[in-house]
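Q: Give me the fold of what follows.
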Amino acid sequence: MAHKQSSEDRLSPSSDTEDIVKTLAPRLSYFAAVARTEHVTRAAHELGIPQSTLSRALVRLEQDLGVELFARHGRTVSLTPAGRTFLTSVDKALAEVGRAAESVRADADPASGKVAFGFLHTMGSETVPGLIRAFRADHPGIRFSLVQNYGEAMLERLRAGELDLCLTSPIPDAPGLVARRLDEQRLRLVVPDDHRLAGRKRVRLSEAADETFVTLEPGYGLRRITDGLCTEAGFKPRIAFEGEETETLRGLVAAGLGVALLPPPAVPRPGVVELTVTGQRAVREIGVAWLDGHPDTPPVAAFKKFLLSRRGKLLSEWTRAEE
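A: Residues are numbered from 1 along each chain as shown. The predicted structure is shown next:
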């Protein structure tokens, strides 16, 4: 029976790399321990396994590789030239595994672990720095890996396991994701300060039906919201420019290139007037999303709890805008 088991686990000359790694990997630490001690009994004692188990593992390792790794001298062993060559790579592989294990343990440490956090461009100047500053008041050792991007790109990175959490808008409703609403911003119609509507405080979006718009590129959440609101107001916007940053759009509005539907800026910008949109619910909701069923490390769980505690107060009063 033992002979049958050994033959089943043997590698054939046609074995691919995956088969080789799967078969050899469990025995590498055994090989390294014997190479270091040059004594099977001593190595078995250090590893906490029976000597017979270790001896069989070494024999099968040599059989699988098709080379002799050790020269036997009674109770002691020494490496053959092939064994010394193999040990060099094995030591590097085991060291890399050790570093990887230490890294993931460090990232999961409750006091000093890491959170991979994504957020929208418009959250970067004020909201996210304020959140991290407040969170780190109670968790000073926790580290952040930050990604700033548009919503769809962040959700893709979330699905790929590159992010633990992300702030996004619109709030996604998709299989495999969990999302919670945190806050909302009223969107304003931003016009040049010499525009025909600049003297107004409030405006219906339909009054801008004949205007040229500057917007974010397709794929951005705010662009989808803008298109939807314009459709609801009874028109399709004429687009003069599609960009990636809302502050770029404000600059182009100030230059007279068009008007824009935007959330409030972190700091008021000269050259434009921001009008409250009436007659329809012109808002964008901000939410936090994560992978459904994905276990959280202690740092991620702590930051998620913190974000959820900020419902309704995620944004500053200025960037949330007046009701």
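Q: could you pull out the strands for the stretch 101-250 of the chain?
A: Assigned by DSSP state E, counting those that start in this stretch, the stretch 101-250 of the chain shows strands spanning 114-119, 143-148, 165-168, 177-186, 188-192, 202-204, 212-216, 238-243.
Q: export these to JSON lines and tack on mean neighbour count and distance to I132?
A: To be clear about C-beta, it is placed using only N, CA and C from the backbone, and glycine gets the same treatment. Putting these into JSON lines (neighbours: other CB atoms under 10 Å; distance: least, CB to CB, whole Å) gives the following:
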{"stretch": "strand 114-119", "mean neighbour count": "22", "distance to I132": "8"}
{"stretch": "strand 143-148", "mean neighbour count": "15", "distance to I132": "6"}
{"stretch": "strand 165-168", "mean neighbour count": "24", "distance to I132": "12"}
{"stretch": "strand 177-186", "mean neighbour count": "18", "distance to I132": "15"}
{"stretch": "strand 188-192", "mean neighbour count": "23", "distance to I132": "27"}
{"stretch": "strand 202-204", "mean neighbour count": "15", "distance to I132": "35"}
{"stretch": "strand 212-216", "mean neighbour count": "22", "distance to I132": "25"}
{"stretch": "strand 238-243", "mean neighbour count": "15", "distance to I132": "27"}
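Q: how about those strands, which one is nearest P298?
A: strand 114-119 (10.2 Å; CB to CB).
Q: Compute the inter-axis angle for that closest one and strand 143-148.
A: Inter-element angle recorded for strand 114-119 and strand 143-148: 20 degrees (by axes from the mean of the first three to the mean of the last three CA atoms, to 10 degrees).
Q: ok so, going back, of all the strands of the stretch 101-250 of the chain, which one comes closest to G279?
A: Across the strands of the stretch 101-250 of the chain, closest to G279 is strand 202-204 (CB to CB), at 4.4 Å.
Q: How about the residue in the protein that sits furthest from its center?
A: Most distant residue from the mean C-alpha position of the chain: G74, 55.0 Å away (CA atoms, centre = their mean).
Q: What segments of the protein are helices?
A: Ranges of helices in the chain, per DSSP state H, are 2-9, 17-24, 28-37, 40-47, 51-65, 81-108, 127-136, 151-159, 221-232, 246-254, 298-308, 317-320.
Q: for L69, what are its contacts?
A: Contacts of L69 were listed using CB atoms under 8 Å, 6 or more residues apart in numbering, and they are 31, 35, 58, 61-62, 79-80, 82-83, 86.
Q: Provide the backbone phi and psi angles at the closest residue to L187 other than its chain neighbours.
A: In space, and not counting its chain neighbours, L187 is closest to A282: 4.5 Å by CB to CB, 6 or more residues apart in numbering. Backbone torsions for A282, taken as degrees, to the nearest 10, come to phi -90, psi 80.
Q: Make sure A282 is actually in contact with S206.
A: No. Using CB atoms under 8 Å, A282 and S206 do not qualify as a contacting pair, with a distance of 11.7 Å.
Q: Comparing those two, which residue is more hemmed in?
A: Neighbour totals were compared for A282 and S206, and A282 leads with 21 against 15 (other CB atoms under 10 Å).
Q: Now do that one against E217, distance only.
A: 20 Å (CB to CB, to the nearest Å).
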